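*Asks:* Let me see the structure of the following:
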Amino acid sequence: MALQYSDVSKFKQTDLDWAQGNQFYLVCDRLPELVFTCQRISLGSLTAGEAVMSNRFNMNRMVPGESLDYGVLNADFIVTNDYSNYRSILEWMKGNVRPDGFQQGIDYINKVAKFENDYDKRFKDTMSDMTVIATDAADRPLCQWNFKSAFPVSLDGPNFNSTNTDIEYITSNVTFNFHYFEHQTYINGVLQDNTI
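*Replies:* Residues are numbered from 1 along each chain as shown. Down below sits the predicted model:
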């Protein structure tokens with residue numbers, strides 16, 4: 001039976017404590033020395049699969065399927081003064097794709113390798129787990145998304161404009177593919193054991 005307004009009014013939120021997009025940080029297991037301060041982040045869509053469950057009366061009845069399709073992680077980040085965060089993503093992409101030849105990929109994998117002699121496991125070194133942390137206005141963590149086996153697929157070059165009279169920080173945009181993500185929350189700055 002569908003809920004009626006009398007049911008809804010018992011549960012509606014009254015304290016108006018809505019989530020605000022204050023600060024977002026992106027951290028990457030592969031690049032532990034860098035924290036990407038993000039101006040915008042799009043976590044991408046999550047689409048559940050569906051299956052057709054036909055019967056003689058309704059040939060197109062849909063039921064929940066067995067798959068989840070994840071979109072992409074897209075982030076606009078502020079470029080550091082020494083461009084180290086931009087360069088780290090650029091190096092990662094070039095190391096994965098090897099535009100200057102196969103040796104470029106081997107050199108990059110050797111640089112970041114966690115698995116010394118097992119080439120199959122070393123393939124995993126082309127990817128990394130990543131975390132997006134959302135904070136409140138006082139920079140206290142509220143929740144985080146843990147992205148598994150992410151890798152960059154797009155990096156926009158910084159845009160330069162010397163005609164601005166206001167201070168505008170240089171930003172870049174990066175897009176990551178990943179296998180899946182998990183979500184956790186914080187209470188009073190303590191990460192909870194409530195992974196979804």
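*Asks:* which strands and helices sit next to the longest strand along the chain?
*Replies:* Secondary structure assigned by DSSP state E gives strand 141-155 as the longest strand of the chain. Secondary-structure packing of strand 141-155 (3 or more C-beta pairs under 8 Å, 6 or more residues apart in numbering; DSSP states H and E): helix 84-97, strand 128-135, strand 171-177, strand 180-187. All C-beta spots, glycine's among them, are computed from the backbone N, C-alpha and C.
*Asks:* so which of those comes closest to P141?
*Replies:* With respect to P141, and counting by C-beta to C-beta, the nearest of these is strand 180-187 at 4.4 Å.
*Asks:* circling back: any idea of the mean pLDDT for the longest strand of the chain?
*Replies:* Taken as a whole, strand 141-155 has an average pLDDT of 95.
*Asks:* Where does the prediction get shaky in the chain?
*Replies:* Filtered on pLDDT under 70, the chain yields the residue ranges 1-21, 113-122.
*Asks:* Grab the most central residue of it for me.
*Replies:* Central residue of the chain (C-alpha atoms, centre = their mean): L73, 4.2 Å from the mean position.
*Asks:* ok, that one to G157 distance?
*Replies:* L73 sits 19 Å away from G157, going by C-beta to C-beta, to the nearest Å.
*Asks:* And for F176, the neighbour number?
*Replies:* 22 (other C-beta atoms under 10 Å).
*Asks:* Find the helix or strand that the residue of the chain most remote from its centre is a member of.
*Replies:* No residue in the chain has its C-alpha farther from the mean C-alpha position than R56, which lies at 43.9 Å (C-alpha atoms, centre = their mean). R56 is part of no helix or strand, with elements assigned from DSSP states H and E.
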